[in-house]
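> Everything below, folded, please.
(chains A, B, C and D)
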2 protein chains.
Amino acid sequence: MMTTMAKKPATRAQRRTDSLSRELIIQTATDLLDSGGESALTLRALTIRLSTGYGAIYHHVADKSDLLAAATDDIITRVLAGAVTETDPRDTLRRLALGLFDAIDAHPWVGAELSRQPWRPALLDFYESIARLLDALAVPERARFDAAGTLMNYVLGVAVQNAANARYLADAETDRASFLDNAAAQWAQVDPARYPFVHAAATKLREHDDREQFLAGVDIFLTGIAALR
Amino acid sequence: MMTTMAKKPATRAQRRTDSLSRELIIQTATDLLDSGGESALTLRALTIRLSTGYGAIYHHVADKSDLLAAATDDIITRVLAGAVTETDPRDTLRRLALGLFDAIDAHPWVGAELSRQPWRPALLDFYESIARLLDALAVPERARFDAAGTLMNYVLGVAVQNAANARYLADAETDRASFLDNAAAQWAQVDPARYPFVHAAATKLREHDDREQFLAGVDIFLTGIAALR
DNA sequence: CTCCGATTGGATCGTCGCTCCAATCAAGCT
DNA sequence: AGCTTGATTGGAGCGACGATCCAATCGGAG
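Have a look, this model is predicted:
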C-alpha cells in the first residue's frame, strides 16, 4: 500500500481577510438561534455562516455552552440597559418584569437557557433592582430575601413556560390562534365531571393574553408582598 | 475484495427469557435518570441495562422524548395519588405545592422535562385541584384563571430552578454546603457600592432553606389571592 | 405440528460536539 | 529586507448519540 494518496494541490481554501472575533461569533450565534430555534445552533452551521472552521471558533469560545451563555448574557444586558425608572416603585417593578418577559418572548431560547443556568452574572442586576424596589416598598429587611427570590422564580417560571410554547409553535409550524384552538378543544374534551374547572377554563384559553396574565400574576405577588410589613 | 468477512457462527446472543414491557423500560429509564442525571439516559445505556437491543426498545416506545415524557408522567401521577386533603384549603394548597416540590427535589430531571413540556396530561389534575381550592378560597370566577396559571408558573419556576441547582451539584461533585459557601463568597465579592442588596444577601444564602423559601412564596401568593375577592 | 404475527438483537446510518494539527498570517527584531 | 515566533485559521477525524432497518426468533392459534 502506498503511504500517501495523491495529494490535492497544496492550496487551502482562502483564508478570511477580516479577522474573526468573539463578538462576531456571538452575534452570528444569536442570529441562528433567533431564526431557527435552539436546534439551529450547531457548530457546523456556524462554520458555514462564518465561512471558517472549527478551530477558529474554538479559539475564541470555550465550548458550545459557553457560547450559549454569552449570547444569553448579551440579550439580558441589553434589556437591563433599556430599563427605565418610574416614580411608583410598583410601576418600575412591573416594567422591569415586562422587559424580561418581552425579551424572552422575542428570543425564546433565552428562556430555555436561563432555566438551565439561572444564576448568570447578568441576572445579578435584576436581583439587585428587585431588592432595591422592594426596599422602596417598605418590605422589612428580614422578608426581602424571600420576596425577591419569589419574584425571580415567578418571572423565570413564566419565561420558561413561554419559551416552551414558542418552541412548540415553531416546531409544529402552526400559528398561535390554531394552537390555542387546538389546546382549548382538548381541554373542552376532558370529562366535565372529573375536571369541571379545566373544562370551564377552555373558553378562556382562547381569549387570554399571555402578557396580561403575566402582569396579573406580578400584581398578585406585589399585593402579597405589600402585606409583609 | 471479498464481499463477506468470515462470519461469526450463526448464534446470536441468547434471547431474553422474561419479556420486555413498556413499564419495565420506563422503570429502568427512571433508575438511570435518578442515578446519573439527564445525560445518563441514553439508548445504549438502556440496551445494556436491559441486555437487549435498540429494536426491542423502539418496539415499545416511540422515541426518546416519548420515554422521558412517560417517566415524568409516572412520577407526577404518583405524587398526585399521595395527595391528602386538609380541612383548610390553604393547607391543602400548601401540601399540594410541596408535594410537587419534593418530587422534583428527589428527581430533578422531572423539573427540566416539565419546563420543556408544561402541559402534560398528568398536570391537568394539578391544575384542576388548584382551581378547586381557589374556588374554596372565594377567589372570584373571573380571576381564577389568571390566579391558577400564576401559581402553576411559580411552582414550575421553582422546580426548574431546583433542578438546575441539583444538576450543577451532581456535575461538580461538591456537596450542598460548599456549593452555597462558594456562591455566598461570590456574592460577597461583588462591589458593595453597585450591588448593596446582593452583597447583603450573601450571608442569608448560606442559612436559607429552599423548601421554606418556596413555602414563603406560596404564602405571599395566598395573601395576594385573598385581596382578589 | 405448522404457520404467522409479535417481538427481539444488533449492524448501520447520519449528525453532533469536540480535538488535533498543519498551514498561514502579522508583528517585532536584527 | 530576511528571519523568527506566537497568534490565528481551516478542516480531517474521533467517539457518542438517536434513530432506522431487518434477519432471527419466539409463542400462540388453527
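> In chain A, what residue lies closest to DNA strand D?
residue A:55 (1.7 Å; Cβ to the nearest atom of the strand). Glycine gets a C-beta too; all of them are placed from N, C-alpha and C.
> That residue sits in which helix or strand?
helix A:54-60 (DSSP states H and E).
> Downstream of that helix, the next helix or strand is which one?
Helix A:54-60 is succeeded, C-terminally, by helix A:64-81 (DSSP H and E).
> Next, the angle helix B:141-172 makes with the longest helix anywhere in chain A.
The longest helix of chain A (DSSP state H) is helix A:141-172. Angle, helix A:141-172 to helix B:141-172, by axes from the mean of the first three to the mean of the last three Cα atoms, to 10 degrees: 90 degrees.
> Just want the angle from whichever helix or strand comes after helix A:141-172 to helix A:141-172.
Where DSSP H and E defines the elements, the next helix or strand beyond helix A:141-172 is helix A:176-189. Counting by the same axes, to 10 degrees, helix A:176-189 lies at 100 degrees to helix A:141-172.
> can you tell me if helix A:176-189 touches chain B.
Yes: using Cβ under 8 Å from any Cβ of the partner chain, we find that helix A:176-189 touches chain B at residue A:183.
> List the buried residues of that helix.
A:180, A:183-184, A:187-188 (16 or more other Cβ atoms under 10 Å in any protein chain shown).
> Distance from it to the middle of the chain?
24 Å (Cα atoms, centre = their mean, to the nearest Å).
> Quick one: list the elements packing against the helix or strand that residue A:46 is a member of.
In this assignment (DSSP H and E), residue A:46 forms part of helix A:43-49. In this structure, helix A:43-49 makes packing contacts with helix A:22-36, helix A:54-60, judged by 3 or more Cβ pairs under 8 Å, 6 or more residues apart in numbering or on different chains; DSSP states H and E.
> rewinding a little: count the neighbours of the residue of chain A closest to DNA strand D for me.
8 (other Cβ atoms under 10 Å in any protein chain shown).
> for residue A:49, same thing?
Counted with other Cβ under 10 Å, residue A:49 comes out at 13.
> Spatially nearest residue to residue A:119, not counting backbone neighbours?
residue B:183 (7.3 Å; Cβ to Cβ, 6 or more residues apart in numbering or on different chains).
> That neighbour against residue B:205, yeah?
Yes: applying Cβ atoms under 8 Å, one finds residue B:183 in contact with residue B:205, separated by 5.9 Å.
> The residue of chain A found nearest chain B: what's its closest spatial neighbour, skipping adjacent residues?
Chain B sits closest to residue A:157 of chain A, with a gap of 2.1 Å, by Cβ to the nearest Cβ. Nearest non-adjacent residue to residue A:157, counting by Cβ to Cβ, 6+ apart: residue B:157, 2.1 Å away.
> can you pull the contacts of residue A:137?
A:89-90, A:222, A:225-226 (Cβ atoms under 8 Å, 6 or more residues apart in numbering or on different chains).
> Just the buried ones among those, please.
Buried among those (16+ other Cβ under 10 Å): A:89-90, A:222, A:225-226.
> re the thing from before, could the helices and strands packed on helix A:43-49 be laid out in CSV, adding mean pLDDT?
Shown next, in CSV, are these (pLDDT from 0 to 100):
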stretch, mean pLDDT
helix A:22-36, 95
helix A:54-60, 94
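> Which of the ones you listed sits closest to residue A:114?
Among those, the nearest to residue A:114 by Cβ to Cβ is helix A:22-36 (13.4 Å).
> send the alpha carbons of the closest one over as CSV?
Taking C-alpha atoms only, helix A:22-36 is exported to CSV below (Å, rounded to 0.1, in the frame of the first residue of the first chain):
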residue,chain,number,x,y,z
ARG,A,22,-15.7,36.6,19.9
GLU,A,23,-18.3,39.3,19.4
LEU,A,24,-18.9,38.3,15.7
ILE,A,25,-19.3,34.7,16.7
ILE,A,26,-21.8,35.5,19.4
GLN,A,27,-23.7,37.8,17.1
THR,A,28,-23.9,35.1,14.4
ALA,A,29,-25.0,32.5,17.0
THR,A,30,-27.8,34.8,18.1
ASP,A,31,-28.9,35.2,14.5
LEU,A,32,-29.0,31.4,14.1
LEU,A,33,-30.9,30.9,17.4
ASP,A,34,-33.5,33.6,16.5
SER,A,35,-34.2,32.3,13.1
GLY,A,36,-34.2,28.6,13.7
